[in-house]
Each structure stands twice: as structure tokens, then as C-alpha cells.
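> Build me a structure from this.
(chains A and B)
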Amino acid sequence: MSGEKRPDPDALLAKMREEERSSSRGRLRIFFGATAGVGKTYAMLEAAHERLLGGIDVVIGHVETHGRPETTALVEGLPALAPRQVNYRGRLLEEFDLDAALARRPGLLLVDELAHTNVPDSRHERRYQDVEELLRAGIDVYTTLNVQHLESLNDLVAQVTGVVVRETVPDSVLETADEVELIDLPPDELLTRLREGKVYIPEQADRALAGFFKKSNLIALRELALRSTADRVDAQMEVYRRAEAGERTWPITEKILVCISPSPSAIRVVRAGRRLARRLRADWTALYLEQPRHFRLPVSDRDYAVQALRVAEEMGGETVMLAGYDAVEEILRFARDNNFSKIVVGKPGRFWRLWNLFSGSFVGRLAQASGDIDVFIVHGGREKGAGRAAPAPAAGKIDWRRYAWGAVTVAACTAVAGLMFPYFALANLIMVYLVGVVMVANRWGRGPSILAAVLSVAVFDFLFVAPYFNFAVSDTEYVVTFAVMLMVGVLISSLTVRIKEQAEVARQRERRTSALYSLSRELASTRSLDAMIAAVRHRVQELFEGQAAIFLGGEDGRLAIRGDGAPPSFAQDAKEMAVAQWVHEHSEPAGRGTATLAGAQALHLPLVGSRGPVGVLAIALDPARRPPGPDQMHLLEAFANQAALALERALLARDAHRQRLAAEGEKLRNAILAAVSHDLRTPLAAITGAASSLVSSDDRLDAAARRELVLTIHEEAQRMNRLANNLLEMGRLQSKTIALRREWQPLEEVFGSALHQLETSMEDREVMLRVPEDLPQVAIDEVLIERVLVNLLENALRYTPHGTPIELRASASPGEVMVEVLDRGPGFVPGEEGLIFDKFFRGQAARARHGVGLGLAVARAIVEAHGGRIWAENREGGGAAFRFTLPIKGEPPSVPAVPREPGGDT
Amino acid sequence: MSDPGPTVLLVEDDPQIRRFLRATLPAHGIRLLEAGTGGDGLAQAATRTPDVVLLDLGLPDLEGIEFIRRLREWSSMPIIVLSARGLERDKVAALDTGADDYLTKPFGVEELLARLRVALRHRAAAGSGAPASSLFTSGDLSVDLAGHIVRVGGREVRLTPTEFKLLASLVRYAGKVVTHRHLLVEVWGPGAAANTHYLRVQMHGLRHKLEATPARPRYLITEPGVGYRLREEA
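Residues are numbered from 1 along each chain as shown, chains lettered A, B, ... in the order given. Below you'll find the predicted structure:
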């Protein structure tokens, strides 16, 4: 079929991404060698000089010359960044200055010794992370690396040389490097150079020769270096072939599951799994199954699993955390559900042998039940001289009190049995002891319950079986009784403990699931950004018992804290803000409990939505407690993912809303401009015309004509003033720059000032007022409500014939006051009543007359800002009715009388 | 030389307003001095001692409030503030700093002349050193401050002590606007300066006792957002 030749779209996409990535990213070239002294730094400097001649801006970020003269000579020809001086525990150390390098932005930066571990207060724990950041910033980097520092070869190197290297670099760094240049030197030649003092200064050289630099070691290391390079070339070849032929040269059918346990061998198992995966070109996943018994292990042991998971992540594997009771069952279920073809487990140490007596060996059961899945068992001995001290033996942690309680329970059972002894058969006394064993198992766990079972048999024999007060047994039948009693006791205790532990696992699982579920439900049901932020903060704080804050990225990429209420104090710290900003820009977690900026108070997780970074979730956990474990980290990450998607949704909705508003605003602006320019020009035309006739033909006009012209000017000017007032008011109301200045007051007062303002224009009108004496007070902004009344009254004056009456009424109903402005004019064309409050609407009857109709829109905006309603309708018996309501909320404050002055009376 | 009439100093940067007043005021027997900036205004106020200052609040070189503060350091000459609608806070601030009255732009000549007359009368009363007349009348309303007697159309009206105190304050500044704060401090004392609500309730009671139509008052005029004014009628 021709289809088989077609390039796999996923592969093409991956290749495109790869190219895209490398176009903006800096290029990394690694000078790779078997050991120190092969000339990596020298080669790097030589290459740098060549680039310098080629016109590239080459800068030394950090180069270690070890006092070698040739190297020093090469360094001198290149510009170098000043090292960062760090005072660490009283010693002045020099460290590579990452920020200076980022600020300087050279074309090519030289950073020696990729495997270096930074001084604790640096941004990253390790130098390869610094390099990663440089590359992301688009800076090309040259660096050096020895084979023994490669993570996956770490224990091989340890086996070969007997020296454990602690500073390791993830293999992915070497694999993703754009170029790797192998610097090879035959062992003999290296040894000669060493003796000549070209590698180390002489006194160091002697020590080095005796230890690490044995010829056998050098040969082995050289082989490892050559093989690593060959592997890389091989992989490149495959990529090239695949791209060229557009053909799948091999299918990825293998998937490897690496199971780790909380033991020192975990990292070794991960490395072995990873080596296997590379060789088979398989995807791999590291699985840590947290079992209830792990909770009883010392913290340092559980840290092994955490560390192993982190190493697995660094080496490019996926990591999964599960909780379960039965390891074999859970691992196989996970492997089958996810189509794993191979499982790698560590060979169990001595520790588990006793346990195996009861439950069968873990490895044996796994092999038996695995069916078509291959199981690989790798050597799981302890890391020799690993950085971490071996954990204290578990026995040291035994709580003897629990055992004491087991013994006490047996004593209590004995007392009960003693009372029963004269009246009941021996079989019933055995039952009493069994109840005791169950109680101990339920309350104090496995060990004490086994002790209780054994003690029960012994005491039972001693006290209740003839011959009494003697362990000897007269009737051999009792031997069977004792054996059964012991077996039943142990079995019951083991079952009880197991049920309890399963319940515990279920509880843990339930807690995580329900926390995630409630978060997603809350997020789904909220629409507002602030409510979402509050929900996330609340859930995180509840679950992790720390303080949480959320930062959202602005349009300029700067983060700002968001959310109601006072932000936690840590979130206002400039240092924490800087960490959050870094996390936002790099979309990687940082802060406490991570390898980056670990000195921060809080743990900062990036919130990355489907379209990119949204913000940062920061959690300040109680400093007295341990940083979050892998299970918590996973849960937190799940939280962060959900939160990021929800927040992104809310932000997108907000943006869409803003755009719609902007579009509407644009439309409105155009309408206003058109209407205003018309409504301003009309009176201006009248004023200009009238004024110009007065100026030019004053002598030809009689007194009456002159007065007519002057009146025109006056009236038109007033009209323009009204328009300007309403425009300003509308603008202020819409921009929401004015806050209502509400004060309790009698409405009467506002009526008075509105009527006072219109005094002159209402001279020819009869104004009928109806305000009940007991009209309740309302909390209003008097200046604005006065404007409403003035606008309604002006509207009535304008659209009704001269001389017709105008009524102004107020009335109260529970919870609100209604105000009415009534006229006897032409009323509304049916259907117009609802439209007249829209901006720039003018009734049909009014269309020929003046005004942009802004007055009523202003009135509506003000009334609605007060929480009231405004509407218009035709009045019975003809005319228009404008009505609005003002809600009454609460009670007006009471008014104290003025203290009487002596002698003052009325 | 006969009485040259009162002198008014106009501090205003807009030439059109200056031109309009220059054309109008002399026709009503008023001498007009003009200053385009606050600095010039203060200088002229010191050298030419006008009877009234008309001050635009939006000067280019000096905050209106600052102008009032500096002038009040040495002079009590009446200041009438000119300001646009919607800037009630500025007006109140100006009045509380020491301005005597205000006019909202745009204003008519009649309105301006009425304000000037009130200001000049108060200045004359203060300058003469004679105690203000204890009897005040405006239309049907008469208030005997010494005898604590208030009459409307000859009929005596009984007021509570608070109402009387409030009315007496307004009478003292008759024709001028009095800010809420000012009235509150005079009637209730400095502790009540922010309790505008007291004032509104008492004013409501006072209107119902003195006004024929309390919702359309003849004497006790509300200046929304600023204060009250007792209107004088011949």
C-alpha cells in the first residue's frame, strides 16, 4: 500500500516543532570527553577563537583553567564576564553570573563544566539549568562535559571506577545538544600529560594518579564516552533516514514501566529502566505506587522515591504516582490499562524476606501474574556511598508502647477468661483471646497483634491447660489447639490490618479525587474571574494548609496579583514577585521544593492554558513542614492545570466582552459625533446669523427686530448649554468616574431646587405639586436626582404647548418612592414609550424640533445608578407620564436636638 | 468727584468673558479691574483694593483655592467664585476656604448683579462696625433675632430652638450661599460638620413652617450639593 510510505503526520509535526524550536533557540555545542585532562576546555577555547575571527561576539561566561598555561593563554584573548562574588558560609566563592550573561546577550558564550553545582543562593541548582535558560534566550553556548557526569551512566561509572560521582547531568542535555564534539585522547597519552603536570598542578597530580586515573579506569571511561557518542550518531542517523525516506523505519511498540519503591535502590532502577528504554527506543514511565505501609517508613526513605521520580523526569521519562494496597495487582492493572510491554523492578533486598514468608515474594507474584508482559529484575542493592546517609534501621522507629498495649490487652482477656474459667468450656476462653487479638490488630497494628496472638497462646497454656502454671501439656491434643489458635490469631490480625490499610488508601484517593472534583465543579459553575481565583485559592489553602496567591499576566507580560481581599503577605514581597515573574516567563515551576530559586518562601507553579501562560499559582507552605511530596506535587499540578484552563476561559470571555463593548462604544461614538455636530451647528447657525445681522445692519433694524435677534441668541445659547451639560453628565456617568454621593434627605428639597432652576422658563406654566407630608426620606445623590427632574421637566416644557399645566407628584409604597412628571401634551406614538430613553432618540412628533434626546438617556442612567426604574406611558385623558422609582434601603439616621443654650427659648 | 461706584476686580484668563463684563458692568456703574492670572490678581487686590473680587476657579497659574487662601491672609474683601456646573466639590472647597458666594457659568448679568449687590451690602455692614439690624424681613417673612420672634404674613410661627438657630444663621448671611458644613458647625458645633442629614431634616421642618409650598420654596432655597441660601425679597 502506498499509504505506508506516507510520512507520519505526527513525526512531521514533531520535526517542524523541532526546527521551530531550534530557530529561535541558541545552539548548544558540547565538548565531550572521557575524563578531565583530555583537553576539552582547550578545544572549546580554540573553537571559540575561530568563531571570534569569523566576526562572532564571543564572550567567556566561565572557564576553569586549572592553572594550565596553554589554556590560560587562550583565555586571555577573549572578553570575559566578571564572575559573581558569592559569600557562602564565610567563604568568598566565584560563580558564573547568569543575569549578566543574559543582559550582555553575546553571540556565543563559553560556559565550562556543565555538571557544576551552583552555590545555594543561585537561581538554579545546577549549571546545566543556567545553560538551558541561556539557550532559551537565544544565546549560543559552548560547554564541556565528562562522561562520568551523565545521569544514566552514573552507576556504571561507579561500578567500573569505584568512585561515585554526585554531580550528574540528565542525558537529555547531551541528546538535545545541537553538536557534540568528542575530545578523545588515548589513555597512555593522558597519563603522560598527567605526569608532566599538564592536567593538574604536580602535587594534585600524584594523588589523582593513585586514585581515579588508573589506566583500567581510563580505558573503561573512554569506552563509555565513545559509546555514548556513537549512540548519539546512531540516533541522528535514524532521524535523518526517517526524514529523508518519509518512512517509518521502526515502529514504537515497546513501552516500559519502571516501578520504584521507597528505597535507596530506586534511582538505580530508574537508570536501568532508562538504559533499557534507550536501547529499545521505547517510551518509558516511572511509577511510584504508594502503599499504606510506606506511611510508616522514615521520611528519608520516602524521599528516595521522590528523588527517583525527579531523576526520571529529568531523564525524559514520564512519572506517575498511584496509591494502592496490593503492589502486584495495581502495577499490573496500570501496565495493562496503558499498554506497557515491559516492567522493570528492583531486586528486593534482605529487608523484605520476613514479609515474603506471609504474602509470597513480590517479584515472584509479579512474574507469575504478569502474563504477556516481560518483567525485568535489576540489581537493587544500595548505592554505595550515596550522598544520603543510610536510613536508620526500621527497628529504631518501633513504638514500644503499642506493643505494651498489646500485652495489656492480653492481660485483660486473661482476667475475663479467669472469671469465665469455672463455668465455660475452654473453647469459649479461646474466643475471648481471639477477640483481644482482633482489637489489638484494629487499634495498634500488625506487630502488636502478632505479639498478642503469641502471648495469648502462651498465657492460655500456662493458666488454663492442665497441668496448670506450667507450659507443659498433658494432652497432646492441645498442641493442635495451640497451633490453630496461633494461626487464626495471626490471620485475623493480618486481615484486620489489611482492611484498615485499604480503607486508608481509599480515603487518600478519595480525598484527592474529591478535592479535584470539587474544584472543577466550582470552576465550571463560576464565570467571573475573581470568583474563580477565590475558589482556587480557597481549595489550595484548604488542602495544603498554606497560603495561596494567584498572579495573572497582563498584556505587557508583567504579572499582577489578582483576587478579592487582602493578598497574603508573602505575595507582596518583591522577591517572591520576581520568582513568580520568572516562572511566568519560563513556564516552569520554581521556588521552595524545586531545583530553581529554591530559596523562595513559596512554591510557584506556572498556570499554562491551551494558548500559553496565563499566570502563576504561588503557595506558601508552613516553613516548619517538609516541602510537598510527589503525591502533593502531582495534585498541585493537577490543580494548577484545571485552574489555568478555567482562568484562560474566563480571560478569553472577558477579552471577547471587551471587544464587543469596544465595538459598541465605537458605534455609539460615531452616532454621538453625528448627532452632536448637527445639534451644535443648528444653534450656532442661528447665533451667528443673528449676531452678524446685529453687527452689520444695526442702523437699519428697528427696536423690535433687534430685540428679536438678541432673544434668538440668548435662547440658542441656553440650548447649547443644556446640550453641553447633558453630554458631560452622560460622559461622566458612562465612564463611571463619578461615585454616587448618597445622603438621606426629603425628596421635597430636590423638587424645590429643580423648580428653582427652571423658574424663568416655567413662568407661563401652571405647576401642580403633590407631595405627601409623610413622604419617607431617600438616600440619593441630590445633584444627580435634581438633574433627572430638570431633564424630565424640560422635556415636558419642550414637547407640550405653552400654557398647558405640568404636574409633579411623589408617592410612597413599601420599599420605594415613586416620582411622576405628567403633562397634557400630545403623548407618545404607540410603541415609542420604551425607546425614548435610548440615546439620541426623538419622538416622531418631536423630530422636527431641537435636541439630541440625550436628556432622557441621562435621566435613565442616573435612576438606574440609584437602583431604580424609569419608564414613560401615555396618560389617561391625554398627555405623557414619566415615572421613576427610587428604592429605600435601610433607615435614615436619627437627628439629635441641639443642646439648649442658657436663656434660649422661643 | 461724585461717588465713583464700587470697584470689582475680575480675575479670569478667558478674554471673551472679560470682554463681555467689560462691556456690561460699567453700564451699571461698576468700575472693572481685570487680571489675567492669579499672580496679577493678587497684586492688584493689594494695590488697588477693590470692593469685590470675581474669581475664576480655573486659572492657569494658581489654584483658585490657593488664591483665596493667600488673599484671606490679609484681607476680608468679598470673593465671588465663577465655576462650571458639575464641579460642586470645588465650589464647596472654595466657600469653605473663605469665598463668599459663587456663580455657575454660564450666568446672566442680572444674576451677577444680584450677587454683587449682596456682597457689597455685607461688606458695608461689616465695615460700618454697627451691629447688624436685629430685624430681618423678606417678603412676608420677618425674623426678630433679638426677640426670637418669627412671623409669616404677620402670623407668629413657633420654631424649635434648633430651627431658630438654623434660621438665625441663614439670616446672618442673607442672600449669600451658606455651605452645609458652615451651617452644621454654627448650629450643632464642630463635631457635627459631616452630618448633612441633620441639616436636611431641620430644613424640611423649617420649610413646612415658613413656606406656603414647601416643595417650591420662596425663601429657603437649596443649592444642590453646596448648601442653602435665604432669598431676600423687597
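
> outside of the helix or strand bottoming out on mean pLDDT in chain B, which residues touch it?
Between all helices and strands in chain B, the lowest mean by mean pLDDT, DSSP states H and E belongs to helix B:109-128, at a mean of 85. For helix B:109-128, the surrounding residues in contact (CB atoms under 8 Å, 6 or more residues apart in numbering or on different chains) are B:6, B:8, B:21, B:24, B:28, B:30, B:51-52, B:76-78, B:80, B:100-101, B:103, B:132, B:173-176, B:232. The way it works is simple: take the backbone N, C-alpha and C, and place the C-beta from them, glycine included.

> cool, stretch A:92-106 as well?
A:57-59, A:61-62, A:81-87, A:109, A:111, A:116, A:118-119, A:122-124, A:127, A:130, A:133-134, A:137-139.

> That one: how far from the chain's middle?
29 Å (CA atoms, centre = their mean, to the nearest Å).

> go on, stretch A:281-295?
24 Å.

> what does stretch A:742-751 give?
51 Å.

> Just the mean pLDDT for it, thanks.
Averaged across stretch A:742-751, the pLDDT comes to 90.

> Does at least one residue of it sit close to chain B?
Yes. Counting by CB under 8 Å from any CB of the partner chain, chain B is contacted by stretch A:742-751 at A:743, A:744, A:745, A:746, A:748, A:749, A:750, A:751.

> mind checking the SS state of residue A:366?
helix (DSSP: H, G, I helix; E, B strand; the rest coil).

> hey, where'd the strands end up in chain B?
B:7-11, B:31-35, B:52-56, B:79-84, B:101-105, B:135-138, B:141-144, B:149-152, B:155-157, B:177-179, B:220-223, B:227-230 (DSSP state E).

> Output the ones you listed in a markdown table; the columns should cover mean pLDDT.
Shown next, in a markdown table, are these (pLDDT from 0 to 100):
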| stretch | mean pLDDT |
| --- | --- |
| strand B:7-11 | 94 |
| strand B:31-35 | 93 |
| strand B:52-56 | 93 |
| strand B:79-84 | 88 |
| strand B:101-105 | 89 |
| strand B:135-138 | 88 |
| strand B:141-144 | 92 |
| strand B:149-152 | 92 |
| strand B:155-157 | 92 |
| strand B:177-179 | 93 |
| strand B:220-223 | 92 |
| strand B:227-230 | 93 |
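
> Out of those, which is closest to residue A:371?
When the strands of chain B are compared for distance to residue A:371 using CB to CB, the nearest one is strand B:79-84, at 88.8 Å.

> Give the other helices and strands that that closest one contacts.
strand B:52-56, helix B:64-72, helix B:88-97, strand B:101-105, helix B:109-128 (3 or more CB pairs under 8 Å, 6 or more residues apart in numbering or on different chains; DSSP states H and E).

> any idea of the pLDDT on the closest residue to residue A:280 other than its chain neighbours?
Excluding the flanking residues, the one nearest residue A:280 by CB to CB, 6 or more residues apart in numbering or on different chains is residue A:254, at 4.8 Å. On pLDDT, residue A:254 comes in at 79.

> Residue A:254: what's it in contact with?
Contacts of residue A:254 (CB under 8 Å, 6+ apart): A:277, A:280, A:281, A:282, A:283, A:341, A:342.

> tell me the contacts of the residue lying closest to residue A:554 once chain neighbours are set aside?
Once flanking residues are discounted, residue A:554 sits nearest to residue A:560: 5.8 Å by CB to CB, 6+ apart. Applying CB under 8 Å, 6+ apart to residue A:560 gives the contacts A:551, A:552, A:554.

> Likewise for residue A:365?
Per CB under 8 Å, 6+ apart, neighbours of residue A:365: residue A:328.

> From chain B, how far off is it?
As judged by CB to the nearest CB, to the nearest Å, residue A:365 and chain B stand 82 Å apart.

> What confidence value was assigned to that residue?
84.

> What of residue A:624?
Reported pLDDT for residue A:624: 68.

> Then the one 3 residues further on?
Note for residue A:627: predicted pLDDT of 65.

> Kindly report the same for the one 5 residues further on.
In the prediction, the pLDDT value recorded for residue A:632 is 73.

> The one 3 residues further on now?
Per-residue confidence for residue A:635 comes out at a pLDDT of 79.

> got the contact list for it?
Counting by CB under 8 Å, 6+ apart, residue A:635 touches A:512, A:515, A:516, A:543.

> which element is it on?
helix A:630-696 (DSSP states H and E).

> Specify the angle between the following helix or strand past that helix and helix A:630-696 in degrees.
Downstream of helix A:630-696, the first helix or strand assigned by DSSP H and E is helix A:703-735. Relative orientation of helix A:703-735 with respect to helix A:630-696: 180 degrees, computed using axes from the mean of the first three to the mean of the last three CA atoms, to 10 degrees.

> chain center to helix A:703-735, what's the gap?
58 Å.

> And stretch A:683-698, by the same measure?
Worked out by CA atoms, centre = their mean, stretch A:683-698 lies 70 Å from the chain centre.

> Only the buried residues of that stretch, if you could.
A:683, A:686, A:687, A:690, A:693 (16 or more other CB atoms under 10 Å in any protein chain shown).

> now swap in stretch A:103-120 and tell me
A:106-116, A:118-119.

> Can you add distance to residue B:46 and pLDDT and give the residues you listed back as a markdown table?
A markdown table is the format used below for those (distance: CB to CB, whole Å; pLDDT from 0 to 100):
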| residue | distance to residue B:46 | pLDDT |
| --- | --- | --- |
| A:106 | 68 | 89 |
| A:107 | 71 | 87 |
| A:108 | 74 | 91 |
| A:109 | 71 | 91 |
| A:110 | 76 | 91 |
| A:111 | 75 | 91 |
| A:112 | 79 | 89 |
| A:113 | 80 | 88 |
| A:114 | 80 | 90 |
| A:115 | 83 | 88 |
| A:116 | 78 | 88 |
| A:118 | 72 | 86 |
| A:119 | 71 | 83 |
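
> and the two most separated of those residues?
Using CB to CB, these span at most 27.5 Å, a distance reached by A:107 and A:119.

> got a pLDDT number for residue 99?
Defaulting to chain A. Value listed for residue A:99 in the pLDDT field: 88.

> that answer is for a different chain, and I need it for chain B
The predicted local confidence for residue B:99 is 93.

> Check residue A:874 too.
Looking at residue A:874, the pLDDT reads 88.

> That one pairs with what?
residue A:880 (DSSP bridges).

> Report whether the expected contact of it with residue A:880 is present.
Yes. Assessed by CB atoms under 8 Å, residue A:874 is found in contact with residue A:880 at 6.5 Å.

> Overlap of the contact sets of the two?
A:827, A:828.

> Between those two, which is the more surrounded one?
Neighbour count, other CB atoms under 10 Å in any protein chain shown: between residue A:874 and residue A:880, residue A:880 has more, with 23 against 16.

> thinking again about what came up before, now, which of the buried residues of stretch A:103-120 lie within strands?
A:108, A:109, A:110, A:111.

> Chain A contacts on chain B?
B:85-86, B:88, B:106, B:148, B:158-162, B:164-165, B:187-188, B:195-198, B:200-204, B:207-208, B:213-217, B:221-225.

> from the contacts of residue A:635, which two are the most distant?
Going by CB to CB, the pair spanning the contacts of residue A:635 furthest: A:516 and A:543, at 9.7 Å.

> how far away is the residue nearest the centre of chain B from residue A:347?
With distances taken as CA atoms, centre = their mean, residue B:176 lies nearest the centre of chain B, 2.7 Å away. The gap separating residue B:176 from residue A:347 is 102 Å, by CB to CB, to the nearest Å.

> Specify the stretch among the helices and strands packed on strand B:79-84 that is closest to residue A:802.
helix B:109-128 (22.7 Å).

> Helix, strand, or coil at the nearest residue to residue A:762 once chain neighbours are set aside?
Excluding the flanking residues, the one nearest residue A:762 by CB to CB, 6+ apart is residue A:797, at 6.8 Å. Here residue A:797 is helix, with the state taken from three-state DSSP.
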